[in-house]
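Q: Model the following, please.
(one chain, ligands or ions: 1)
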Amino acid sequence: MDISTKITRSIHDAFTAVFAVELPEQILSLQPTRKEFEGTFTFVVFPFLKYTKKSPEQSGQEIGNYLKENLEEVATFNVVKGFLNISLTDHYWLVEFKAMTSSENPFALPQTKVKVMVEYSSPNTNKPLHLGHLRNNFLGFSLSEILKANGHHVVKSNLVNDRGIHICKSMVAYQEFGKGESPESSGIKGDHLVGKYYVIFDAAYKAEVKVLMEKGVEEEKAKKEAPLMCKAQEMLVLWEKGDPETVSLWKTMNNWVYEGFDATYKRMGVDFDQMYYESDTYLLGKDMVEEGLQKGVFYKKENGSVWADLSDKGLDEKLVLRSDGTSVYITQDMGTADLKYRDHKNDKSIYVVGNEQDYHFDVLFKILEKLERPYAKGLHHLSYGMVDLPSGKMKSREGTVVDADDLMAEMVETARRHTQELGKIDGFSEQEAEALYEILALGALKYFLLKVDPKKRMLFNPEESIEFQGNTGPFIQYTHARIRAILRKAEQIELDFNNPSLLNKVAELQETEKNLIVLLLDYPQKLKTAGSEYSPSLIAQYMFELAKEYNRFYAEIPIFSEAKEQHRAFRVALSAQVAQTIKAGMKLLGIEVPEKM
Ligand code: ARG
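A: Prediction:
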């Protein structure tokens, strides 16, 4: 039984013994004691005054007395207004600490049978990844790690949009203006090269439209009839027919993009277990349209188009098949949902996709529910907001959005400058220093993007993210490195900090030592909540709390200059446990921690 259950049970008994009232245990709960008061757990007395029939202070006092007499773990208590703040004995915390350090895997919860698919990244192949993708990829990867640590079986998937008019635009522009350029010949990374032609298409197309309009053609007509747009449309038709030349160019250009994406993913530190390509899935879902018509979930309009009426679910009507029989985005997603389930029998299926698609997923999930899919209840859209940069910062070479590769490279430069200024790499080989910049840069970036609630639109501030102080990745990374240095020193002076008989001699704790143990013990619960709420930001927040408390401990309490050997040993052991927890937690965020800096 965990300690808070034990305490609430005892509070229950107190009500029976002291106030002669039998209360259901579920209504008695504890909360963490607020920082400004002494104690670890707080019981709020106010809601129960009708049973105690005494003042809040008196009620708290009497329950506190009962606990102190009946629970050996309770050391002291204090009552502030109607808040009963409970402190446990140092002995209790020390026993818990020992149990934790000897546990086989304190950083993962027991295996469950739950299968979860996490789809993330899902880029289009007409241009490189951008800043928004960074948030997407970090969220998806981190969530997957968190769910794995919760004992679930996780499949990370990526649905690549590799076909359609957008990629045809890059292809047409390449045909027209490319002169056989390739990543090899130009030295341009494959995805950037294809992106370049997408931009060229756009510029040339706009020029064509302008010329047509100057000749008096109306805007809408000009946009439709501009020769380049016609060519892109024709190319799409050719592609769908399987025209060998078109398919061959398409393959070549997509492969350039994949080579580029692979490099970007590698630097980001993300990966996938299952790739899906829209060129394989875009025709899926049509049979579901038929099924929906038969089940009366969809209806046909006079022109032959098929619609879902979701007005009973608070939404409006949604097209699922065009009058010419071609399908739309959502049709494909219906089919892909079935495909995912067929492939992996997932109990839960999470889509990490930006909030501009909230409506799309709302509709998709409602349709799948109406079609009585067995997996419908487990669908979840992990929606996230836009990421902005402070104005004036780094525009991508294409102009509008910030390129992911450029941003990562820029972060590494910032890390280099910053680290050198602070002299944190004295005694590093060049290789070690380069590795450190990379770890810090990516850590700063990931932490900054993950510490924020995904729903919120956010401003990414590169300079702030890389600070060694404050709520940043590098601050936590630095804390880890600092502890590793302590552990190296302990080894050097042959301090036997794992020796149980030495640790057993420790009888009392300093405030901040106790705070650290309390925090460390909270890790599994944090992991659980982060898993059930799909929230990496909870782990990030916890990492910060732990690092902050550790730095307080480090500032207030001597380690090696402490007189008693058992205290030296205990403080090093406590530090080691903090370092391991930081390492495990940061790993869930996809962030590496350095051994030294
Ligand atoms: N490729 C799409 C885009 O960039 C996102 C796909 C999201 N996933 C899905 N199953 N619809 O907008």
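Q: contacts, neighbours, all on C-alpha from now
A: Fine.
Q: And the pLDDT at the residue nearest the centre of the chain?
A: Nearest to the geometric centre of the chain sits residue 139, at 2.9 Å (Cα atoms, centre = their mean). pLDDT recorded at residue 139 is 98.
Q: Any figure for the gap between it and residue 439?
A: Per Cα to Cα, to the nearest Å, residue 139 is found 18 Å from residue 439.
Q: so where does the residue in the stretch 351-500 of the chain that the ligand sits nearest to fall, helix or strand?
A: Nearest to the ligand, among the residues of the stretch 351-500 of the chain, is residue 353, at 5.6 Å (Cα to the nearest ligand atom). Using DSSP states H and E, the element containing residue 353 is strand 348-354.
Q: Partner strands of that strand, with direction?
A: Strand pairing for strand 348-354, using DSSP bridges, gives strand 115-119 (parallel), strand 379-384 (parallel).
Q: Provide the contact partners of the strand or helix carrying residue 332 at residue level.
A: According to DSSP H and E, residue 332 maps onto helix 329-344. The contact list for helix 329-344, computed with Cα atoms under 8 Å, 6 or more residues apart in numbering, reads 115, 117, 281-286, 288-289, 320-321, 346, 360, 364, 368, 375.
Q: And stretch 504-521, what's buried?
A: Across stretch 504-521, burial judged by 16 or more other Cα atoms under 10 Å covers 506, 509, 512-517, 519-521.
Q: Against the ligand, how distant is residue 528?
A: 26 Å (Cα to the nearest ligand atom, to the nearest Å).
Q: pretty sure that residue is in a helix, no?
A: Yes - looking at residue 528 with DSSP: H, G, I helix; E, B strand; the rest coil, it is inside a helix.
Q: what's the residue lying closest to it once chain neighbours are set aside in contact with, if anything?
A: In this structure, residue 528 finds its nearest non-sequential neighbour in residue 150, 6.4 Å apart by Cα to Cα, 6 or more residues apart in numbering. Counting by Cα under 8 Å, 6+ apart, residue 150 touches 108-112, 527-528, 531.
Q: Over to residue 129?
A: Listed by Cα under 8 Å, 6+ apart, the contact set of residue 129 reads 123, 261, 264, 403-405.
Q: what about 6 Å?
A: By Cα atoms under 6 Å, 6 or more residues apart in numbering, the contact set of residue 129 is residue 404.
Q: Need the phi and psi values for it.
A: With angles defined as degrees, to the nearest 10, residue 129 sits at phi -70, psi 150.
Q: can you list the residues of the stretch 351-500 of the chain near the ligand?
A: Within the stretch 351-500 of the chain, the positions lying close to the ligand (Cα under 6 Å from any ligand atom) are residue 353.
Q: The stretch 201-350 of the chain now?
A: Checking the stretch 201-350 of the chain against the ligand by Cα under 6 Å from any ligand atom, the hits are residue 333.
Q: In the stretch 201-350 of the chain, which residue sits closest to the ligand?
A: Nearest to the ligand in the stretch 201-350 of the chain, going by Cα to the nearest ligand atom, is residue 333, at a distance of 5.6 Å.
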